[in-house]
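Chemist: Need coordinates for the below:
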Amino acid sequence: MASVPSNYQQLTSSSGNVANASATSTLAAVAGRTTHITGFELTGTGATAGAAVLVTVTNVLGGTMTFVYAAATGVTVANTPLLVEFPEPIPATAVNTSIVVSCPALGAGNTNNAVVAHGYQL
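Modeler: The predicted structure follows:
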């Protein structure tokens, strides 16, 4: 993580495991502070039919970021993890604004999908 002032508050958020549903991780907003995202990890297993979905990071300076994630064909086949570490922390669009990482449902037969986001608040 790039250097930050000593008064930062570290954040981690997880969607938990979801089955064929949207996996969403939210770095919460706090009054008087700006939330920053430093990265996220997306893991899961496949679905009956493989599919590509669009993972989004919203409420960040510069606008919504979109990443492509593929669900493997086969409900017990592991998807290739999507591991994103930003070279510099990305701030929310404003003070007291949450940052949300969301992965849509991966399709019929999917039983495992999870996203974890991490960052900090200043």
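
Chemist: Ala71: what's it in contact with?
Modeler: Listed by Cβ atoms under 8 Å, 6 or more residues apart in numbering, the contact set of Ala71 reads Gly44, Gly46, Ala47, Gly50, Ala51, Ala52, Val53, Asn79, Leu106, Gly107, Asn110. From N, CA and C alone the C-beta is placed, and that goes for glycine too.

Chemist: repeat that with 7 Å
Modeler: Contacts for Ala71 (Cβ atoms under 7 Å, 6 or more residues apart in numbering) come out as Gly46, Ala47, Gly50, Ala51, Val53, Asn79, Leu106, Gly107, Asn110.

Chemist: Strands of this protein, start to end?
Modeler: Along the chain, counting by DSSP state E, strands occupy 9-14, 23-27, 35-44, 51-58, 65-71, 82-91, 99-103, 113-121.

Chemist: most packed of those strands?
Modeler: Of all those, strand 99-103 has the most neighbours on average by mean count of other Cβ atoms under 10 Å, namely a mean of 24.

Chemist: Could you list the paired strands of it along with their orientation?
Modeler: Strand pairing for strand 99-103, determined by DSSP bridges: strand 23-27 (antiparallel), strand 51-58 (antiparallel).

Chemist: wait, which of the contacts of Ala71 is closest to Val100?
Modeler: Comparing the contacts of Ala71 against Val100 with Cβ to Cβ picks out Val53 as the nearest, at 15.5 Å.

Chemist: is it true that the closest one touches Phe67?
Modeler: No: the criterion here is Cβ atoms under 7 Å, and Val53 misses it with Phe67 at 9.5 Å.

Chemist: Against Thr80, how distant is the residue most central in space within the chain?
Modeler: In the chain, the residue lying closest to the centroid (Cα atoms, centre = their mean) is Val101, at 3.4 Å. In this view, Val101 and Thr80 are 17 Å apart by Cβ to Cβ, to the nearest Å.

Chemist: Scan the contacts of Ala71 and report the most crowded one.
Modeler: Ranked by neighbour count under the definition other Cβ atoms under 10 Å, the contacts of Ala71 are headed by Leu106 with 31 neighbours.
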